[in-house]
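# Sequence first, then the predicted structure:
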Amino acid sequence: QKLQFDTSSTISIDITKMRKGVESNSWKVVNWADPISTEDESMFNCELTTFVSSSGKQAGICVGPAPTQISKCADGKYFADVWNKGEGGKAPYYHLEIGAQHGACILEMLLETDAMILAFEPHPKNVYSIRKTISALPKALQNRVTLFPIGLSDETMKDTFSYNTKSSLRATSELSIYAERLDSVLDTDKIPPKLIKLVNLDVQGFECNILEGMGDKMADKIGSMKLKWESNGQKCEDNKDYLHKLRDKFGFDIWRKHENGYMYLAPGEKSALGGADIFASRNERYYDE
């Protein structure tokens, strides 16, 4: 099923009204009209393949060396169902994609919902792939995506590492990754409650750092979240219990993924979670117990 782009009815919002202006010389929000730098073209590459959404819509996606694994959004059907069961289509709600990787779930939300998308991805190679993918789409779809080339954490950070480039003239290059608190990037005072309808949080064990960096005011702006519970793999100081934070401090109900959907997780029940995906929502039971 080939996607038929409708460029006449795309929602447009000035995202700067939600931003606190924390950009510096270190990083800036991606402008889809800007050409990719010669330096990035010399270091990175990706291959164009076909992305297929949960309902069969298609678009091009530029991915790395394992396209069969990263050209799909694993939980795409759940995201689309959650979004479209609520108030999607009636107002300019936002989806946050935290840990966007190569952008498969960005495409899922673009093709299957009316979401305005705020995506966060710190790795320069993945940012390169997302830019290649989104810049090839019609402008009306580009306008629905804001890409922050940073990670999120509980403090402002910078990390530098060596990267093996594709160039035979320069085998390695020093790359920098930046992270900010979410409540320092988005202006909580200007965002109505639940305007951020859905958050997909996929950061391989650093979820609690990001929840710490949200702050109480930002959590109130979020309707639902999907994230992973890593019972033994949380890379966070003081072993913060973010299930407790989600339920008791932020006011979410917690659901656990199983083979038939999601099941309600009663307070105190977490011993059998392992590495389970969990879904946090506010008084909205999208799935049967």
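In hand now; what should we look at? Residues are numbered from 1 along each chain as shown.

# Only C-alpha atoms from now on, for both contacts and neighbour counts.
Fine.

# For this structure, give me the ranges with low pLDDT.
Counting by pLDDT under 70, the chain has low-confidence residues at 1-25, 65-70, 86-91, 163-173, 229-242, 258-262, 266-275, 283-289.

# Work out for me the element the most centrally placed residue in it sits within.
Nearest to the mean C-alpha position of the chain, by C-alpha atoms, centre = their mean, lies E97 at 1.2 Å. When elements are assigned from DSSP states H and E, E97 belongs to strand 94-98.

# So which residues of this protein form strands?
All strands of the chain, identified by DSSP state E, fall at 47-52, 58-63, 94-98, 116-120, 145-148, 151-152, 157-164, 172-180, 196-201, 222-228, 253-258, 261-264, 277-281.

# Same list (these) but as CSV, adding distance to C208.
Below are those laid out as CSV (distance: least, C-alpha to C-alpha, whole Å):
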stretch, distance to C208
strand 47-52, 31
strand 58-63, 28
strand 94-98, 13
strand 116-120, 16
strand 145-148, 20
strand 151-152, 11
strand 157-164, 16
strand 172-180, 14
strand 196-201, 10
strand 222-228, 10
strand 253-258, 15
strand 261-264, 21
strand 277-281, 13
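
# Mean neighbour count, the ones you listed: which tops it?
strand 151-152 (a mean of 27; mean count of other C-alpha atoms under 10 Å).

# List the strands paired with it, with their directions.
Strands that pair with strand 151-152, judged by DSSP bridges, come out as strand 172-180 (parallel).

# Return the angle between stretch directions for the strand it pairs with and strand 157-164.
Per axes from the mean of the first three to the mean of the last three C-alpha atoms, to 10 degrees, the angle that strand 172-180 makes with strand 157-164 is 160 degrees.

# What are the contacting residues of the strand holding E97?
When contacts are defined by C-alpha atoms under 8 Å, 6 or more residues apart in numbering, strand 94-98 is touched by residues 105-106, 115-121, 151-152, 195-203.

# partners of that strand in the sheet?
With DSSP bridges as the test, strand 94-98 pairs up with strand 116-120 (parallel), strand 196-201 (parallel).

# what sits up against the last one?
Which is strand 196-201. Contacts of strand 196-201 (C-alpha under 8 Å, 6+ apart): 79, 83, 93-99, 207, 221-228.

# can you rerun that using 7 Å?
93-99, 221-227 (C-alpha atoms under 7 Å, 6 or more residues apart in numbering).

# Neighbours of S153, how many?
21 (other C-alpha atoms under 10 Å).

# could you pull out the helices for the chain?
Secondary structure of the chain (DSSP state H): helices at 38-43, 67-70, 76-85, 104-112, 124-135, 139-142, 182-185, 207-219, 242-244.

# Pipe these into a markdown table and attach mean neighbour count and distance to W27 per row.
Formatted as a markdown table, the helices of the chain follow (neighbours: other C-alpha atoms under 10 Å; distance: least, C-alpha to C-alpha, whole Å):
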| stretch | mean neighbour count | distance to W27 |
| --- | --- | --- |
| helix 38-43 | 13 | 15 |
| helix 67-70 | 15 | 25 |
| helix 76-85 | 18 | 29 |
| helix 104-112 | 24 | 21 |
| helix 124-135 | 22 | 11 |
| helix 139-142 | 18 | 20 |
| helix 182-185 | 20 | 12 |
| helix 207-219 | 21 | 19 |
| helix 242-244 | 18 | 29 |
